[in-house]
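model this:
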Amino acid sequence: MLHEGAKEQVRSRTDIVELIGRHLDLRRQGRIYVGRCPWHDDRRPSLQVNPDRQTWKCWVCDIGGDVFSFVMKREGCDFAEALRLLAERAGISLAPAAKKAAPGSPDDKATLYQCCEWAARQFQSYLREADGAQAARAYLAERTISPASVERFQIGFSPNDWTWLLDRARNTPYSAKVLEAVGLVGQSDRTGNYYDRFRGRVIFPIRDTQGRTIAFGGRILPGSSDVSAAKYVNSPETRLYSKSDTLYALDLVRDRISKSRALTVVEGYTDVILCHQHGVEDVVACCGTALGERHIRLLKRFADTVYLVLDGDAAGQARTNDILELFVAAQMDLRILTLPEELDPAEFMEAYGGEAFRALLSGAVDALEHKIRTATRGIDLVRDTHRANVALEEILTTIARGMPADAADPSGLRAKQILARVARQFALDEGDVRGRFQALRRTVKSRPPVPEDAAPPTERTYRLDDLAPAECELVRLLAAYPELAPTALAEISEADLASETAKVVLALYRQLEENGHSLDFVSVLTAVEAPELKNLLVAIDEDEARRSERQARRGEAIADPATRLRETIGCFRRLHLERERRQLEHALAANLIPKEQEVDVFDQIVRAKRQQQGISAPTDG
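Numbers count the residues shown, from 1 in each chain. Coordinates of the predicted model:
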């Protein structure tokens with residue numbers, strides 16, 4: 001865990017209204033701002049942002065928190081990653097100062113980001129305005145890529161000149177070394193001279209999930225005089241870009257899929273662009289590499305269901321096995337669509353349009369069904385027993401390789417469901433299929449489970465419903481009146497509380513007080529990392545504020561907070577006495593008390609009852 005000071009520094013430099021307002025349209029409504037919640041079908045603005053408390057809350061979804069939990073929810077990441085993203089946004093370095101790279105150097109990430117944005121603008125400007133880009137404009141028109149799509153995807157063109165970009169960079173902060181560090185130029189092994197990597201190519205900027213340009217893909221124009229040139233060239237791995245951790249256009253679709261949690265993956269840049277252009281806007285693509293385990297981690301942050309669209313040719317079909325193993329390991333819902341007539345998605349869109357594509361997607365089969373269909377195609381499963389056995393072994397081997405060892409116990413629920421389904425398809429006894437699967441498990445190496453290190457921790461659930469009335473009142477007072485916290489901590493212990501949620505909150509305040517940490521609500525919320533606990537604290541704090549506002553509007557007397565705390569402490573004391581009395585009564589009834597102590601214990605029970613009822617002890621005489 002990072003030092004508390006880093007959290008507080010990042011929080012204090014991040015205004016929640018400005019942060020959320022970058023992604024949602026917010027309007028002021030009294031003391032708060034409101035906007036449409038992106039996580040449900042919000043017809044009227046139900047997401048509220050409180051600038052005074054630096055909190056947000058959607059009561060429909062029952063989610064909320066601070067700047068950190070908003071980023072965690074939006075990015076599908078954990079607290080550490082949210083802290084890193086917000087620190088980067090605020091210009092705060094979380095690394096030791098000695099390691100900070102000099103501005104303008106090839107090791108300075110801020111300079112690299114700026115360089116990529118600058119280069120993207122150069123390519124766009126050349127495509128839009130230069131006479132030398134006429135062939136590129138004609139190619140895009142031939143591919144039916146509209147001017148609006150060119151603008152939306154920031155498509156550009158690099159002239160067929162060895163040093164065009166290098167020359168344009170001469171009077172900028174971006175040296176040849178910086179251009180090389182982001183993969184825009186290469187260096188000749190023979191002469192040592194730098195050259196433009198993407199010369200003579202249509203340029204497709206690649207952006208990260210934050211919308212920052214981090215790399216480029218370049219497509220050679222048809223009819224190029226360089227017959228040896230590769231059709232596509234992509235940026236190499238850099239400090240900003242890893243092709244195995246990037247999906248083209250994810251920055252454009254991430255908000256669109258926040259409700260559906262469904263994503264479509266195709267194979268090429270133009271496939272994505274034509275899909276979006278025809279109204280299918282939940283589509284992304286890999287960047288010059290096959291779909292891999294790290295892509296799956298990224299997909300899991302934003303989607304629960306993935307539609308994989310394979311080209312209709314043989315090469316597209318051949319990739320199915322490896323991909324199926326990945327999704328079995330990740331325990332994700334994978335649907336596979338094979339396009340007819342050996343078309344790729346761009347060609348299909350040009351021929352049939354978006355509605356026809358959506359209709360095919362709605363009928364896409366899940367990955368296991370796709371595997372069974374392809375493995376058994378042309379086989380009579382009843383009469384052709386040899387080929388049926390070969391197909392069965394192929395299917396079980398794929399499942400065994402994909403399923404992680406901890407999920408592959410044939411008695412486990414997931415394995416049981418899959419094997420039962422295979423047995424039904426082949427009209428075989430389920431026990432026989434399970435036995436063959438076990439045998440295969442001993443001979444094939446399974447994939448490790450896809451790590452969920454990008455997912456927020458879910459070890460414990462914090463619910464408002466868990467709190468007893470007195471516990472809820474205690475948390476209200478701690479949140480709204482931090483000056484009362486020392487008294488509450490001195491008078492109430494975790495042992496007095498019944499729910500685990502209340503115990504966690506009280507223990508949190510106790511730990512922060514012991515460490516000399518501020519106990520004001522914003523600081524406490526910043527110290528919390530679990531998004532569900534942040535949400536609970538915000539819900540209680542907002543509810544307390546609403547209650548006070550209602551009382552003020554009605555002209556009702558507002559109870560003194562110190563009086564409320566005394567009453568709450570009294571309530572916990574009575575509960576404590578009640579527990580003690582019940583324990584003594586139980587011990588007495590079970591004959592667990594020595595005979596000589598029974599009278600004293602009986603007196604204790606009577607005194608406890610009197611205290612509970614507020615009756616003074618009788619006096620002598």
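
domains in this structure, by residue range?
Residue ranges for each domain of the chain read 4-98, 108-241, 244-455, as given by automatic domain parsing.

what about the second one, how long is it end to end?
What that stands for is domain 108-241. For domain 108-241, the first-to-last residue distance is 14 Å (C-alpha to C-alpha, to the nearest Å).

helix/strand/coil for residue 45?
coil (DSSP: H, G, I helix; E, B strand; the rest coil).

weakest of the domains of the chain by average pLDDT?
If you rank the domains of the chain by mean pLDDT, domain 244-455 sits at the bottom with a mean of 82.

now do the residue nearest to residue 265 when sequence neighbours are not counted against residue 361, distance only.
Spatially, and ignoring its direct neighbours in sequence, residue 265 is nearest to residue 308 (5.2 Å; C-beta to C-beta, 6 or more residues apart in numbering). No exception for glycine: its C-beta is placed from N, CA and C like everyone else's. Residue 308 is 11 Å from residue 361, where distance means C-beta to C-beta, to the nearest Å.

residues shared between the contacts of the two?
Common neighbours of residue 308 and residue 361 (criterion: C-beta atoms under 8 Å, 6 or more residues apart in numbering): 264, 335, 337.

ok, so of the residues you listed, who is nearest residue 225?
Using C-beta to C-beta, residue 264 is the member of these that sits closest to residue 225, with 36.7 Å.

what residue is smack in the middle of this structure?
The chain has residue 76 as the residue nearest its centroid, 1.1 Å off, counting by C-alpha atoms, centre = their mean.

so how far is residue 326 from that residue?
Applying C-beta to C-beta to residue 76 and residue 326 gives a distance of 18 Å.

who touches residue 37 in this structure?
Applying C-beta under 8 Å, 6+ apart, the residues near residue 37 are 45-47, 58, 60-61.

can you turn the buried part of those residues into a PyMOL selection?
Selection of buried members from the contacts of residue 37 for PyMOL, criterion 16 or more other C-beta atoms under 10 Å:
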select buried, resi 45+46+47+58+61
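
any chance of the contacts of residue 37 in a markdown table, with distance to residue 386 too?
Putting the contacts of residue 37 into a markdown table (distance: C-beta to C-beta, whole Å) gives the following:
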| residue | distance to residue 386 |
| --- | --- |
| 45 | 64 |
| 46 | 61 |
| 47 | 61 |
| 58 | 59 |
| 60 | 58 |
| 61 | 55 |
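
picking that back up, going by neighbour count, which of the shared contacts of residue 308 and residue 361 comes out on top?
Neighbour counts for these peak at residue 264, which has 28 neighbours (criterion: other C-beta atoms under 10 Å).

which strand residues bridge that residue?
Beta-bridge partners for residue 264, by DSSP bridges, are residue 283, residue 307.

was I right to think it contacts residue 305?
No. Between residue 264 and residue 305 there is no contact, the gap being 9.6 Å when judged by C-beta atoms under 8 Å.

which residues of the stretch 51-200 of the chain fall in strands?
Under the criterion DSSP state E, counting those that start in this stretch, strands of the stretch 51-200 of the chain are mapped to 55-58, 63-65, 156-158, 185-187, 194-196.

let me see the ranges of the helices in the stretch 101-250 of the chain.
109-129, 134-142, 147-152, 164-168, 176-181, 250-253 (DSSP state H, counting those that start in this stretch).

same question for the stretch 301-450 of the chain.
314-318, 320-330, 345-352, 354-362, 367-376, 385-402, 413-426, 430-441.

next SSE after the last one?
Pointing back at helix 430-441 there. helix 469-480 (DSSP states H and E).

list the contacts of that next one.
464, 467, 484-485, 488, 492, 497-499, 501-502, 505-506, 509, 519, 521, 524, 537, 540-541, 543-545, 561, 564-565, 568, 571-572, 575.

please redo it, this time with the cut-off set to 6 Å
With contact meaning C-beta atoms under 6 Å, 6 or more residues apart in numbering, helix 469-480 is reached by 484-485, 497, 499, 502, 505, 509, 521, 540-541, 544, 565, 568, 571.

over to stretch 416-432?
372, 381, 392, 433-434, 437.

low-confidence ranges in the stretch 501-621 of the chain?
Scanning the stretch 501-621 of the chain for pLDDT under 70 picks out 579-581, 583-621.

show me where it has helices.
521-527, 531-554, 561-589, 598-612.

hang on, the earlier thing: what's the closest of the domains of the chain to residue 528?
domain 4-98 (8.4 Å).

the closest one: how far from the chain's middle?
14 Å (C-alpha atoms, centre = their mean, to the nearest Å).

what do you get for stretch 178-192?
That offset, for stretch 178-192, works out to 35 Å (C-alpha atoms, centre = their mean).

residues contacting residue 39?
61, 258.

Three-state assignment for it, please.
Under three-state DSSP, residue 39 comes out as coil.

for it, what are phi and psi?
phi -100, psi 10 (degrees, to the nearest 10).

can you get me a residue count around residue 259?
Neighbours around residue 259, by other C-beta under 10 Å: 13.

which phi and psi values does it adopt?
Dihedral angles for residue 259 - degrees, to the nearest 10 - are phi -90, psi -50.

sorry, back to before: the residue nearest to residue 265 contacts residue 335, correct?
No. When contacts are counted by C-beta atoms under 6 Å, residue 308 is not listed as touching residue 335 (7.0 Å).

list the contacts of residue 346.
270-271, 274.

tell me the one of the residues you listed nearest residue 365?
residue 271 (20.4 Å).

so residue 279, which of the three states?
Applying three-state DSSP: residue 279 is coil.

can you put the contacts of stretch 416-432 in a markdown table and add distance to residue 138?
Formatted as a markdown table, the contacts of stretch 416-432 follow (distance: C-beta to C-beta, whole Å):
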| residue | distance to residue 138 |
| --- | --- |
| 372 | 46 |
| 381 | 53 |
| 392 | 53 |
| 433 | 57 |
| 434 | 60 |
| 437 | 56 |
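
including neighbour count and distance to residue 398, could those residues go into TSV?
TSV is the format used below for the contacts of stretch 416-432 (neighbours: other C-beta atoms under 10 Å; distance: C-beta to C-beta, whole Å):
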residue	neighbour count	distance to residue 398
372	20	10
381	16	18
392	23	11
433	23	14
434	19	16
437	23	11
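
restricting to C-alpha, output stretch 523-533 in PDB.
C-alpha atoms of stretch 523-533 as PDB (Å, rounded to 0.1, in the frame of the first residue of the first chain):
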ATOM      1  CA  SER A 523      -9.700  12.500   4.500                       C
ATOM      2  CA  VAL A 524     -11.300   9.300   5.900                       C
ATOM      3  CA  LEU A 525     -12.800   8.600   2.500                       C
ATOM      4  CA  THR A 526      -9.400   9.100   0.800                       C
ATOM      5  CA  ALA A 527      -7.800   6.600   3.200                       C
ATOM      6  CA  VAL A 528     -10.300   3.900   2.300                       C
ATOM      7  CA  GLU A 529      -9.400   1.800  -0.800                       C
ATOM      8  CA  ALA A 530     -12.400  -0.600  -1.000                       C
ATOM      9  CA  PRO A 531     -15.000   0.900  -3.400                       C
ATOM     10  CA  GLU A 532     -17.900  -0.700  -1.600                       C
ATOM     11  CA  LEU A 533     -16.900   0.800   1.700                       C
END
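
which other residues reach that stretch?
Here stretch 523-533 has contacts from 7-8, 11, 65-66, 69, 72, 79, 456, 462, 534, 537, using C-beta under 6 Å, 6+ apart.

which ones are touching residue 182?
Per C-beta under 6 Å, 6+ apart, neighbours of residue 182: 112, 115-116, 238.
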